[in-house]
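Q: here is a sequence together with a model predicted from it:
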Amino acid sequence: MSETDTADTTAAPEREVLSYSDFGDATRSLAEDIVASGFRPDFVIAIARGGLIPGGALAYALGVKSCGSLNVEFYSDIEETLPEPIILPPLLDNEPLIGKSVLLVDDVADSGRTLALVVELLEKVDITVRSATLYIKPRSVIAPDFHWKTTDKWIVFPWSALPPVGAA
């Protein structure tokens, strides 16, 4: 038996790797699409943690100074999720948002369940919501109003490509 006959032929899953340079291009492109649509958000709300960096970049690109975040946990590890997304404290104060326009930002609409949960939560209290993600996956249960790219690969974002400092 040759060495190639015994070698493991299982390929590692394909990954979509986003560089910081591509991230800059992506957020600028999203901002241009949002402006071209005529939507002018009063607030940018990021879904933490994945949406924090894209949310801040879009807020700058759109000239929106009022920003906030909502903490939602769904992914527990690479391609591992909790049974349902859950909202974690601190909670978002909806009162100042009522009757306003909000751009809700996340890094990816993977299953779309997190995005759908937060859109529904905000729309229930009379907030006009448009959503934006860097990526959308074909299996997502919700299509964001704005997205940069479609992929079915696992995405490696530049801000989460390395393990936390001090992690064993």
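A: That came through fine. Residues are numbered from 1 along each chain as shown.

Q: now the strands for the chain?
A: Ranges of strands in the chain, per DSSP state E, are 15-17, 43-48, 67-77, 80-88, 101-109, 128-136, 146-150, 154-156.

Q: let's have the ones you listed in TSV, adding mean pLDDT.
A: Below are the strands of the chain laid out as TSV (pLDDT from 0 to 100):
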stretch	mean pLDDT
strand 15-17	94
strand 43-48	95
strand 67-77	77
strand 80-88	68
strand 101-109	97
strand 128-136	98
strand 146-150	98
strand 154-156	94
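
Q: quick one, which of the ones you listed is packed in tightest?
A: Among the strands of the chain, ranked by average contacts under mean count of other C-beta atoms under 10 Å, first place goes to strand 101-109 (a mean of 26). (Glycine included, C-beta is placed from N, CA and C.)

Q: tell me the angle of that strand relative to strand 128-136?
A: 20 degrees (axes from the mean of the first three to the mean of the last three C-alpha atoms, to 10 degrees).

Q: same for strand 101-109, what does it pack against?
A: strand 43-48, helix 52-62, helix 113-123, strand 128-136 (3 or more C-beta pairs under 8 Å, 6 or more residues apart in numbering; DSSP states H and E).
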